[in-house]
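In: need the 3D shape of this:
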Amino acid sequence: MILSFVVLATFTAAAAGLPAVWSNNEQIDRQAWAQVDQGIRAARALYIAKQGEVVNFATLTAQRPTLLNYLIQGDKSGLTSYLMDLEAGAGFDLITICDLDNVVVAYTTEEPLVDACLMEESSTYSLATSGGEAEVWLLASYRITEEGKDFGKVIVGMKVDNEFAQEMRSQTGLEHSIYLAGQPVASSFDVEYSILAETTRRVIEHVTSGSAVRTSFTINGNSFYATRLSLGELDLFAEVALPTTELLSTQRSQALFLIGSIVAAAGLASLLGAFLARRISQPLVRLSTSAATLSRDNLDFSISLDTSVKEVSTLAQVLEGARIDLKHSLDDLQKEIEWGSNLLESIVEGIVTLDKDNQILYFSSGAERITGLARDQAINRPIEDVFQLVEEESVSSLIPSPGQKNIVTVMDTHQRAITIAVTGATLIPSEAEHSHIALVFRDVSEEEAMNQLLGRFLSNVAHEFRTPLSALEASIELLMEQAPDLNKDEMQELLTSLHLGILGLETLIDNLLEAASIEARQFRVSIRPSDLRNIIAEAVHTMNPLLVKYGQHIEMKMPTSIPLVQADPRRTVQVLVNLLSNVNKYGPSDSEITIDVTVERDVVKIAVSDQGEGIPDDLKRSIFNRFIRPGVNNSNVKTGTGLGLSVVKAIVEAQNGHVGVDDRQGGGAIFWFTLPIARES
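Out: Numbering: from 1, shown residues only. Predicted structure coming up:
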């Protein structure tokens with residue numbers, strides 16, 4: 001018992017002391033790395049500030065009138081002298097002036113910087129060579145303009161050298177070095193570059209936030225902690241380093257002190273063990289029994305010990321507290337597991353995990369909704385059996401590379417083709433021998449269909465603009481060249497062609513603007529009591545030249561008395577113009593168009609009917625959606641953008657009316673809409 005107590009005392013002292021040693025070292029390390037992290041953040045801010053200084057000075061230099069005067073006069077000597085004065089006063093290392101052909105006009109360095117004139121208007125790091133050695137510059141470019149005229153550009157630079165690194169060290173408090181392709185080009189260390197380049201670095205850890213790597217190294221017997229900051233696309237890095245020689249010495253001294261304390265505490269505890277062994281043996285046996293019960297994962301009991309030994313009683317209380325904390329932790333862990341499961345089940349995207357043989361291990365609720373397949377029908381089945389590819393592709397198209405996305409078309413349980421976007425990741429569960437694959441997919445059928453509709457819409461818009469513009473261009477060229485030789489009829493024909501082209505463009509632009517305002521939720525109407533006869537007359541007058549061109553004539557059917565309607569006159573004219581334009585495009589030439597007005601209770605119904613092929617039944621529900629055009633087989637039909645009817649629907653419904661389409665008896669279609677009758681005030 002005494003020997004056991006001695007061993008227990010020694011183990012307890014070690015268990016309490018060694019973590020303290022480790023914790024102390026960890027705290028010192030954390031403080032050191034916190035200082036390094038603070039230094040790299042300060043360095044990043046300083047580099048951003050340096051870039052801002054270079055950009056601001058380039059901007060101010062390009063806007064100096066004196067510089068522009070020298071450049072216009074071609075006085076290279078005076079320009080160079082002026083630039084030297086500017087450089088000396090601003091503390092920069094380079095000012096170069098380039099003409100419009102990217103040829104150096106003037107510079108302040110001994111030799112012009114190679115390719116400096118080719119950089120764009122921004123700040124960047126540039127590589128140059130001088131005397132066979134690589135040089136790094138922080139450059140900024142700005143155009144030299146006057147009243148919209150371009151005279152070239154000014155390049156301002158700051159050399160990234162040892163003096164630059166010393167300045168960064170003085171501002172961050174840490175050693176500073178700049179590396180290009182792994183080789184030092186500037187450093188605040190008072191050593192040769194070759195020594196710095198050959199220094200062996202030990203990787204401490206990869207910092208999770210970003211791509212930084214923490215390293216340690218030794219130079220001339222002095223230890224350092226360091227991390228790097230990427231400076232752009234030249235494989236250029238800045239490194240800040242904290243001296244840790246004194247820090248490591250302090251760690252060793254504290255570790256020796258703590259280990260000595262542990263040994264002393266263990267010895268003292270061993271001496272006391274013999275005295276206390278008999279007093280605490282029986283309570284400890286009972287406490288051991290309770291601990292054994294805990295070890296069997298039985299946490300549903302209370303640990304209570306009636307003893308006069310205060311230490312044993314305290315230990316029992318600590319054990320009871322640990323039991324309660326462990327039970328709470330397990331309960332919280334169970335809740336988190338349940339929460340995670342509920343979260344996975346609530347995600348609308350489908351989630352599937354696969355084993356090394358591409359057998360399905362997990363099938364989420366989202367996957368059930370998308371595929372129409374129940375979970376128990378998918379588990380333990382090959383992925384290619386559940387996702388049947390429409391095209392003859394390999395199963396690899398269903399399993400993209402990590403970070404990539406594949407778009408594939410598969411058949412669901414109803415043999416309906418659906419397009420899904422699939423992303424993948426590799427999982428390595430701790431209890432599994434092989435890695436698993438997680439797939440996340442969603443149904444993008446509607447998005448793909450919308451992309452196709454949008455492509456056709458853009459093609460139609462381009463055609464709609466190009467056709468009238470070409471006609472307008474031809475008519476205007478003819479007027480410019482042959483106007484004096486044209487008779488009255490020929491002149492009238494050209495003017496009519498111009499009018500029709502402008503009318504078509506105006507209607508297209510109106511629809512595009514209205515569709516944009518509807519999409520941006522900025523669509524508004526100004527409703528007031530309005531005379532429907534005037535609205536119809538204006539729309540017919542607007543469309544009449546286009547209707548006459550194709551031999552289409554309008555028949556009006558209106559009651560003798562029409563009450564005022566609640567409407568926005570301008571937008572209601574646009575509704576009728578769009579409907580008449582549709583009839584003009586899709587109706588046959590030399591046919592009759594009917595505008596029928598009827599009064600029904602508290603609304604007035606306006607119907608526009610044609611003698612065309614009508615609207616297929618499968619399109620009647622979607623005909624008023626964007627980008628939808630009637631699928632007719634008439635080769636004479638003019639193309640459209642598919643926006644007109646969607647604008648009609650938006651305007652009518654904004655005026656508290658309704659819109660629809662019916663079949664016309666004898667062939668053709670009837671597009672109608674209603675407007676509320678204005679109430680007498």
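In: show me what the helix or strand containing Met84 is packed up against.
Out: Assigned by DSSP states H and E, Met84 falls within helix 76-90. The contact analysis (3 or more C-beta pairs under 8 Å, 6 or more residues apart in numbering; DSSP states H and E) places helix 76-90 against helix 65-73, strand 94-98, strand 104-107. From N, CA and C alone the C-beta is placed, and that goes for glycine too.
In: Glu205 is nearest to which of those?
Out: Smallest distance to Glu205 across the helices and strands packed on helix 76-90 (C-beta to C-beta): 39.1 Å, for strand 94-98.
In: before we move on, the earlier item: nearest to Ala197, out of the helices and strands packed on helix 76-90?
Out: In terms of C-beta to C-beta, the element of these nearest to Ala197 is strand 94-98, at 26.2 Å.
In: strands paired with the closest one, and their directions?
Out: Taking DSSP bridges as the criterion, strand 94-98 forms sheet pairs with strand 104-107 (antiparallel), strand 149-160 (antiparallel).
In: and Ala669, how many neighbours does it have?
Out: 23 (other C-beta atoms under 10 Å).
In: in the sheet, who's paired with it?
Out: Asp663.
In: ok so, going back, and the helices and strands packed on helix 76-90, which is most packed in?
Out: Comparing these on average neighbours per residue, with mean count of other C-beta atoms under 10 Å, the densest one is strand 94-98 at a mean of 24.
In: quick one: that strand to helix 65-73, angle?
Out: Orientation check (axes from the mean of the first three to the mean of the last three C-alpha atoms, to 10 degrees): strand 94-98 against helix 65-73 gives 40 degrees.
In: what are the ranges of the helices in the stretch 351-500 of the chain?
Out: 365-371, 375-378, 383-386, 445-482, 488-519 (DSSP state H, counting those that start in this stretch).
In: can you tell me which of those the model trusts least?
Out: Note on the helices of the stretch 351-500 of the chain: helix 445-482 shows the lowest mean pLDDT, a mean of 60.
In: still on that earlier bit, who touches the helix holding Met84?
Out: Applying C-beta atoms under 8 Å, 6 or more residues apart in numbering, the contact partners of helix 76-90 are 57, 61, 64, 66-67, 70-71, 93-95, 97, 105-108.
In: buried stuff in it?
Out: 79-80, 82-83, 86-87 (16 or more other C-beta atoms under 10 Å).
In: before we move on, what about stretch 236-248?
Out: Counting neighbours by 16+ other C-beta under 10 Å, stretch 236-248 gives 236-242, 244, 247 as buried.
In: where exactly do the strands run in the stretch 201-350 of the chain?
Out: 202-206, 213-219, 222-230, 236-243, 350-354 (DSSP state E, counting those that start in this stretch).
In: show me the contact partners of the second one.
Out: Spelled out, it's strand 213-219. 33, 36, 189, 191, 195-196, 199-207, 223-228, 241, 244.
In: repeat for the fourth one
Out: Under the contact criterion C-beta under 8 Å, 6+ apart, strand 236-243 has outside partners 32, 35-36, 39-40, 43, 47, 125, 136, 168, 172, 174-180, 217, 222-231.
In: in PyMOL, select just the buried ones from these.
Out: What follows is the PyMOL syntax selecting those of the contacts of strand 236-243 that are buried according to 16+ other C-beta under 10 Å:
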select buried, resi 32+35+36+39+40+43+47+125+136+168+172+174+175+176+177+178+179+180+217+223+224+225+226+227+228+229+231
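In: returning to what we had before: pick the one among the buried residues of stretch 236-248 closest to Leu271.
Out: Leu247 (37.1 Å).
In: got the phi/psi numbers for the closest residue to that closest one other than its chain neighbours?
Out: Once flanking residues are discounted, Leu247 sits nearest to Ala32: 5.8 Å by C-beta to C-beta, 6 or more residues apart in numbering. Dihedral angles of Ala32 (phi, psi; degrees, to the nearest 10) stand at phi -60, psi -50.
In: from what I see, Ala32 and Ser223 are in contact.
Out: No: using C-beta atoms under 8 Å as the test, Ala32 is too far from Ser223 to be in contact (10.5 Å).
In: picking that back up, can I get the buried residues of stretch 236-248 in JSON lines with pLDDT and distance to Trp672?
Out: Shown next, in JSON lines, are the buried residues of stretch 236-248 (pLDDT from 0 to 100; distance: C-beta to C-beta, whole Å):
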{"residue": "Leu236", "pLDDT": "84", "distance to Trp672": "69"}
{"residue": "Phe237", "pLDDT": "86", "distance to Trp672": "71"}
{"residue": "Ala238", "pLDDT": "89", "distance to Trp672": "72"}
{"residue": "Glu239", "pLDDT": "90", "distance to Trp672": "76"}
{"residue": "Val240", "pLDDT": "92", "distance to Trp672": "75"}
{"residue": "Ala241", "pLDDT": "90", "distance to Trp672": "80"}
{"residue": "Leu242", "pLDDT": "91", "distance to Trp672": "80"}
{"residue": "Thr244", "pLDDT": "86", "distance to Trp672": "85"}
{"residue": "Leu247", "pLDDT": "77", "distance to Trp672": "86"}
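In: just put those in JSON lines and tack on distance to Asp531.
Out: Formatted as JSON lines, these follow (distance: C-beta to C-beta, whole Å):
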{"residue": "Leu236", "distance to Asp531": "74"}
{"residue": "Phe237", "distance to Asp531": "76"}
{"residue": "Ala238", "distance to Asp531": "76"}
{"residue": "Glu239", "distance to Asp531": "80"}
{"residue": "Val240", "distance to Asp531": "79"}
{"residue": "Ala241", "distance to Asp531": "84"}
{"residue": "Leu242", "distance to Asp531": "84"}
{"residue": "Thr244", "distance to Asp531": "89"}
{"residue": "Leu247", "distance to Asp531": "90"}
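In: rebuild the strands paired with strand 94-98 as CSV, extending it with distance to Ala378 and mean pLDDT.
Out: What follows is the strands paired with strand 94-98, written out as CSV (distance: least, C-beta to C-beta, whole Å; pLDDT from 0 to 100):
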stretch, distance to Ala378, mean pLDDT
strand 104-107, 68, 88
strand 149-160, 59, 89
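In: distance to Pro676 added to the ones you listed, as a markdown table?
Out: A markdown table is the format used below for these (distance: least, C-beta to C-beta, whole Å):
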| stretch | distance to Pro676 |
| --- | --- |
| strand 104-107 | 73 |
| strand 149-160 | 59 |
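In: out of those strands, which gets nearest to Gly366?
Out: Across the strands paired with strand 94-98, closest to Gly366 is strand 149-160 (C-beta to C-beta), at 51.9 Å.
In: against which helices or strands is whichever strand or helix holds Ile536 packed?
Out: For Ile536, the host element (DSSP H and E) is helix 532-549. Here helix 532-549 touches helix 488-519, strand 553-557, strand 565-567, helix 569-586, strand 592-600, strand 603-609, going by 3+ C-beta pairs under 8 Å, 6+ apart.
In: Thr426 is in contact with Leu439, isn't it?
Out: No: assessed by C-beta under 8 Å, Thr426 is found out of contact with Leu439, at 10.9 Å.
In: looking at the two, which one has more neighbours?
Out: Ranked by neighbour count (other C-beta under 10 Å), Thr426 and Leu439 place Leu439 first, with 24 against 10.
In: what bridges to that one?
Out: Beta-bridge partners, per DSSP bridges, of Leu439: Val352, Gly424.
In: contacts only, for it.
Out: Applying C-beta under 8 Å, 6+ apart, the residues near Leu439 are 350-354, 398-399, 422-424.
In: quick one: it from Tyr362, how far?
Out: For Leu439, the distance to Tyr362 equals 10 Å [C-beta to C-beta, to the nearest Å].
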